[in-house]
Each structure stands twice: as C-alpha cells, then as structure tokens.
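Peer 1: model this:
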Amino acid sequence: MTEETEVIIVGSRCAGSAAAIALARRGRAVVAVDSAAFPSDTLSTHLFFPHHWAELERLGARERVLDLAPPLHSHGGLGSPGVDVIGRYSPYEGLDHGSCVRRPGLDLALVQTAREAGADVREHTRVTSLLRDGAGRVSGVALRNRQGEQTSITAKLVIGADGRRSTVARLVEAREHHRCENRRMMAYAYYLDAPDARRSLAMQWREGDDLVTVFPCDGGQVVALLMPPVGRAEEFRADAEAAFAAAIDRVPAFAERLTGCTRQSRVYTSVSHPSYFRHSHGPGWALAGDAGHFKDPVTAQGIRDALRFGRLLGEAAAPHLDDPAALDAALAGWEADRDAQCLPMYQWANGLGLAETISPIEYTAYRWFADDPARATELLDVFSRRREPTRVFTPARLLHWVATAARDPRVQNRELWRTLRRDLGREAARAYQAAMFTRRRAASARDVPTCAGTS
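Peer 2: Numbers count the residues shown, from 1 in each chain. Now for the predicted structure:
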C-alpha cells in the first residue's frame with residue numbers, strides 16, 4: 001500500500017515534533033513516525049535554561065511542560081573547590097527561569113502538541129528505506145510497523161529527526177564536516193530529593209578531573225550526573241554502582257547535596273558521544289536535531305537546539321514544498337543559519353568537555369565570577385545563548401585572570417605559563433576552525449568523499 005503526504009518526518013521527539021508543529025500550523029500535510037511509543041525514555045541530558053522555555057512557548061507546548069516540572073527560580077550555579085558561582089538568569093523573551101524535565105513527559109507533551117496542530121504521528125513504526133524519483137531525488141519512505149506490515153509513503157520532503165544514529169542520514173550518505181571526540185563520558189541516576197533540599201538551584205561542580213551536576217527535576221526527583229574522563233569507562237563497565245559511588249565520594253559538595261536523597265533508578269551510562277556537524281540537506285531531504293548536529297552534552301543545549309531548528313526547518317520549508325528548486329534553496333539557507341548560530345556553542349562545549357583538572361587561570365576566573373552576582377549572570381547568559389562565549393571570556397579578562405593568578409603565591413609560574421600557551425594555541429585553532437567552517441561544509445556536500453572534517 002502506498003500513501004501520499006507532503007512531508008514525512010522520521011523521529012517524533014524534540015526536533016521531529018517541532019518541525020511537525022511548524023508545518024501543520026501552516027496547512028501542510030505531515031506524517032511523523034517513530035520506532036518508540038510515547039511516553040518513553042531516551043538517553044539525554046534535560047536541563048532547561050530560559051531559552052528552552054522560549055522555544056516551548058513558540059511551539060505552544062510550554063503550559064503542558066510546566067505542568068510536569070516547576071521552574072528553577074532564576075538561579076543556577078557552578079562550583080570548584082572553595083568557590084561557588086551563583087547567579088540569576090537574565091530574562092530571555094520575558095522568561096527568567098530554568099528547569100529540568102525528564103524525557104518521557106517532555107516528549108509526550110510535544111507529541112500531543114503536534115497532534116493537536118494536525119500532524120499524523122505514528123508510533124512503533126520504522127523506516128526501512130527511502131524512495132527516489134527518476135532523477136534521484138528523495139520522494140518518500142518505506143515503512144514497517146510493529147506487526148510487521150509494510151507500506152510506503154510518498155512526500156515532497158523527508159526530514160530525518162532520528163538522532164545521532166540516524167537512519168535517514170545513513171541512507172542519504174550524509175557526511176560529517178566537523179567532528180570532535182568526547183573526552184568525558186556520562187553516568188547518571190535519579191534520586192528522590194530530600195525534603196529540605198535546594199530545589200530552586202541547579203548546580204555543577206568541578207574538582208580534580210571530575211565534573212558533576214545535580215539538577216532538580218519533575219516528580220520530586222533530582223538527576224545526579226557525572227562526567228568523568230573517558231579513561232574511567234572500564235571502572236563503570238566493571239561495576240557501575242561502585243564507580244558511581246566512588247565519584248560521589250571524590251566531590252564533597254556533590255556528596256553533601258545528595259545527603260538524604262534516595263536513589264530511584266539504575267546508573268545510566270554513555271561512553272562515546274562525539275560532537276559533529278553533518279551536511280544536513282539535499283534533494284528532497286533534510287536532517288534535524290541530533291541527526292544533523294550534536295554538541296558535547298556538558299552545556300545542555302541539545303534539546304533547545306532541536307526544538308529551535310526543528311521549528312525553523314518547518315517554517316523554512318512550508319512555503320516552498322511545491323517548488324523543488326525553491327525548497328532546496330530554503331533548506332540550504334536553513335542549514336547555514338543553524339550552523340552560524342550553533343558553531344560558537346559547539347566550540348565552547350568542546351573546550352568545557354576536555355578531561356582536565358582546573359587550571360590556575362580557570363580557578364582565578366571562577367573566583368572573579370563569584371565575586372559579583374552580575375558577573376555570574378553573564379556566565380549564565382552564555383548557557384542561555386544571550387551572549388556568545390567570546391563576549392564573556394574576552395582577551396582583556398584573560399589578561400586580568402593571568403595577572404591575578406601570577407600574584408597568587410599558591411600558583412606555580414611554570415604551570416601558569418604552560419596553561420597560557422596551551423589556551424592561546426586552542427584559541428588560534430578555534431579561530432581557524434571558524435574561518436574554514438563554510439568551506440568544509442561545502443566540501444562535505446560534494447560527491448567525492450573528503451576527510452577534511454575530522455577536527
């Protein structure tokens with residue numbers, strides 16, 4: 001059996017639902033399919049900043065999601081030994097709170113909103129292959145449902161919103177033009193929070209080479225997330241429970257925050273999750289969310305970008321579905337806009353995700369931000385995408401932090417200058433990567449494979 005529609009979306013979680021909502025609200029016929037059923041969980045960080053809520057507001061899903069999790073009342077923080085940087089979120093489109101919402105409830109709320117907008121969302125349905133017309137343009141998908149029944153649907157556009165291991169990306173042979181291997185793994189578990197806990201505050205701490213977080217989330221729970229160096233993966237493979245407990249013991253502030261909390265889940269782990277940009281459009285197809293771009297999860301930006309650029313993809317495509325040439329141009333413009341908005345955070349996340357101990361310059365910067373609540377808010381503004389990292393971590397401030405560290409008798413000058421040379425080298429590499437970005441993206445779209453995008 002063959003059906004017809006205007007857009008097929010493969011994957012119905014954040015990016016897929018956002019694209020479906022945008023298209024359906026513009027009168028386009030949309031079928032979204034997913035191998036899962038909702039509600040269901042998926043491996044994910046799920047901390048929200050104010051700009052997450054702004055995207056949910058645009059999609060019409062904010063009230064549904066607010067019913068799941070109360071907001072974190074304008075506070076967030078980062079800590080290192082002896083220093084806590086606590087600040088208030090700046091308003092983003094009038095919204096000044098964060099939150100932490102587990103994926104089963106969040107994804108169900110998005111699917112419900114998509115159906116309400118008029119999208120046909122089908123669960124327990126997998127894509128087995130793509131259909132192409134005589135010119136090679138993608139023109140639909142072949143599907144199989146849970147009962148093993150096979151069908152096909154023709155469409156003017158196929159959107160792959162099916163995650164890092166995207167079937168659509170594989171079938172169209174989408175190439176990466178930038179890639180960075182993760183230096184930290186993830187391990188997390190859910191706890192029932194203590195009655196007197198600081199549920200208005202999301203915190204992240206660094207101590208030694210450990211990076212840990214505690215985020216209050218829906219259901220009266222907190223998610224405790226560890227991001228140790230990937231070199232500790234064998235400890236977690238051998239005994240995840242023991243390795244998780246040992247990490248808690250290594251970070252006193254983390255252990256104190258979890259005092260009185262009762263673990264409710266097993267320990268979930270992810271060892272390999274490299275960040276990348278993939279070429280994300282072609283004749284009759286596009287890649288949204290993690291299918292096209294993935295950042296190191298240390299900055300918790302994936303859900304927001306999936307919502308935002310899924311929605312913007314739907315908005316860009318909707319007027320041009322009846323004109324293939326105009327549609328291809330709109331998809332190219334959408335991808336260029338996505339990459340321009342995401343590259344600064346991609347680079348910053350890759351830096352934060354390095355498995356290193358806190359350098360003298362970083363520790364001095366922590367103290368500088370902690371000294372003034374307005375400075376702490378500037379730092380949180382980077383996570384909320386109100387400021388680019390380069391506007392907060394400026395050369396003038398770097399010089400001030402270096403000079404302050406040099407006057408600190410606890411800091412060894414040899415280590416300080418080694419760190420400075422390292423950081424200046426990384427900044428030069430960042431600037432070169434940004435300058436070459438467009439050229440390498442263009443190379444990824446050519447028929448001849450290229451290895452130019454491996455950094």
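Peer 1: Who are the contact partners of the residue nearest to residue 199 when sequence neighbours are not counted?
Peer 2: Excluding its sequence neighbours, the residue lying closest to residue 199 (Cβ to Cβ, 6 or more residues apart in numbering) is residue 216, at 4.3 Å. For the C-beta atoms, the positions are set from N, CA and C on the backbone; glycine is no exception. With contact taken as Cβ atoms under 8 Å, 6 or more residues apart in numbering, residue 216 is in contact with 72, 100, 193, 197-202, 222.
Peer 1: Select only the buried ones of the residues you listed in PyMOL?
Peer 2: Selecting just the buried residues from these in PyMOL takes one command, with 16 or more other Cβ atoms under 10 Å as the test:
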select buried, resi 72+100+193+197+198+199+201+202+222
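Peer 1: Flag the least confident of the contacts of residue 216.
Peer 2: Lowest pLDDT among those: residue 197, with 70.
Peer 1: if I look at that residue, how far off is residue 97?
Peer 2: Here residue 197 is placed at a distance of 17 Å from residue 97 (Cβ to Cβ, to the nearest Å).
Peer 1: Next: residue 344.
Peer 2: 24 Å.
Peer 1: Return the distance of the helix or strand hosting the residue nearest to residue 199 from the chain's centre.
Peer 2: For residue 216, the enclosing helix or strand under DSSP states H and E is strand 210-217. In terms of Cα atoms, centre = their mean, to the nearest Å, the gap separating the centre of strand 210-217 from the centre of its chain is 16 Å.
Peer 1: What's the first helix or strand after that strand?
Peer 2: By DSSP H and E, the next helix or strand past strand 210-217 is strand 221-226.
Peer 1: any idea of the angle that next one forms with strand 210-217?
Peer 2: With axes from the mean of the first three to the mean of the last three Cα atoms, to 10 degrees applied, the angle from strand 221-226 to strand 210-217 works out at 170 degrees.
Peer 1: Give me the helices and strands touching strand 221-226, please.
Peer 2: Helices and strands touching strand 221-226, by 3 or more Cβ pairs under 8 Å, 6 or more residues apart in numbering; DSSP states H and E, are strand 186-192, strand 210-217, helix 240-250, helix 252-258.
Peer 1: try it again with 6 Å
Peer 2: Judged by 3 or more Cβ pairs under 6 Å, 6 or more residues apart in numbering; DSSP states H and E, the packing partners of strand 221-226 are strand 186-192, strand 210-217.
Peer 1: Next, the angle helix 240-250 makes with the last one.
Peer 2: Orientation note: strand 210-217 sits at an angle of 100 degrees relative to helix 240-250 (the same axes, to 10 degrees).
Peer 1: again, but for the first one
Peer 2: When the same axes, to 10 degrees is applied, the directions of strand 186-192 and helix 240-250 differ by 80 degrees.
Peer 1: tell me which element the residue lying farthest from the centre of the chain is part of?
Peer 2: Within the chain, residue 409 marks the point farthest from the mean C-alpha position, 39.5 Å out by Cα atoms, centre = their mean. Secondary structure assigned from DSSP H and E places residue 409 in neither a helix nor a strand.
Peer 1: Ok, the one 10 residues further on next?
Peer 2: Taking DSSP H and E as the criterion, residue 419 maps to helix 413-444.
Peer 1: Give the buried residues for that helix.
Peer 2: Of the residues in helix 413-444, 416, 419-420, 423, 427, 430, 433, 436-437, 440-441, 443-444 count as buried by neighbour count, 16+ other Cβ under 10 Å.
Peer 1: can you put those residues in a markdown table and add distance to residue 300?
Peer 2: As requested, the buried residues of helix 413-444 are exported to a markdown table (distance: Cβ to Cβ, whole Å):
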| residue | distance to residue 300 |
| --- | --- |
| 416 | 31 |
| 419 | 26 |
| 420 | 29 |
| 423 | 24 |
| 427 | 24 |
| 430 | 21 |
| 433 | 22 |
| 436 | 27 |
| 437 | 23 |
| 440 | 26 |
| 441 | 25 |
| 443 | 31 |
| 444 | 27 |
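Peer 1: Show me how the record splits this structure into domains.
Peer 2: 2-180+274-350, 186-270 (automatic domain parsing).
Peer 1: Buried deepest among these, which one?
Peer 2: domain 2-180+274-350 (a mean of 21; mean count of other Cβ atoms under 10 Å).
Peer 1: for residue 109, what are its contacts?
Peer 2: Going by Cβ atoms under 6 Å, 6 or more residues apart in numbering, residue 109 touches 61, 64-65.
Peer 1: mind redoing it with 10 Å?
Peer 2: 17, 38-39, 56, 59, 61-68, 101 (Cβ atoms under 10 Å, 6 or more residues apart in numbering).
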